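**Q** structure for the following, please:
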Amino acid sequence: MKEKKITREQAEEILGEKVEEILKISEITVYCPNCTPRNDRVVDMDTGEYFLDDLNDIILKGTCQNCGHKVIRRIETGEKQYT
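**A** Next up is the predicted model:
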């Protein structure tokens, strides 16, 4: 699956009016393979880069705030909206 690097501003434009809420939730509900098995909980992430994939979903790549392990979070934005 191809990914295209985008800026935070581009990610915000794609996410629309609920951008802050969506990004906040996405950055505090991340699975870290290093921490989660020991703590049985999701962790917070420091987002470093934003990408857009073939499905027009946003990929957040960053690090776990607890241990610094690399983590990824996908925000599904590519699905069609039906009214």
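
**Q** and the next element down the chain from the longest helix that the chain contains?
**A** For the chain, the longest helix by residue count, based on DSSP state H, is helix 19-28. For helix 19-28, the succeeding helix or strand toward the C-terminus, using DSSP states H and E, is helix 36-39.

**Q** report the buried residues of that following helix.
**A** Residues residue 36 are the ones in helix 36-39 that count as buried (16 or more other C-beta atoms under 10 Å). (Glycine included, C-beta is placed from N, CA and C.)

**Q** helices and strands around the helix or strand of the chain with the lowest mean pLDDT, which ones?
**A** When the helices and strands of the chain are scored by mean pLDDT, DSSP states H and E, helix 36-39 comes last with a mean of 70. Judged by 3 or more C-beta pairs under 8 Å, 6 or more residues apart in numbering; DSSP states H and E, helix 36-39 has no packing partners among the helices and strands.

**Q** could you point out the helix or strand that follows that helix?
**A** strand 45-53.

**Q** pairing partners for that next one, with directions?
**A** Take DSSP bridges as the rule and strand 45-53 pairs in its sheet with strand 3-6 (antiparallel), strand 58-64 (antiparallel).

**Q** and the angle for it with helix 19-28?
**A** Between the axes of strand 45-53 and helix 19-28, defined by axes from the mean of the first three to the mean of the last three C-alpha atoms, to 10 degrees, the angle is 110 degrees.

**Q** ok, and what's touching strand 45-53?
**A** 1-8, 10-11, 14, 23, 27-28, 30, 32, 58-65, 71, 73, 78 (C-beta atoms under 8 Å, 6 or more residues apart in numbering).

**Q** sorry, back to before: now what about the longest helix of the chain, what contacts it?
**A** 11-12, 15, 42, 44-45, 47, 60, 62, 73, 75.

**Q** closest one to residue 54 out of those residues, please.
**A** Distance to residue 54 across the contacts of helix 19-28 (C-beta to C-beta) is lowest for residue 75, with 14.6 Å.

**Q** ok, now which ones touch the closest one?
**A** 15, 22, 26, 57-60.

**Q** and the least confident of those residues?
**A** pLDDT across the contacts of residue 75 is lowest for residue 26, at 82.
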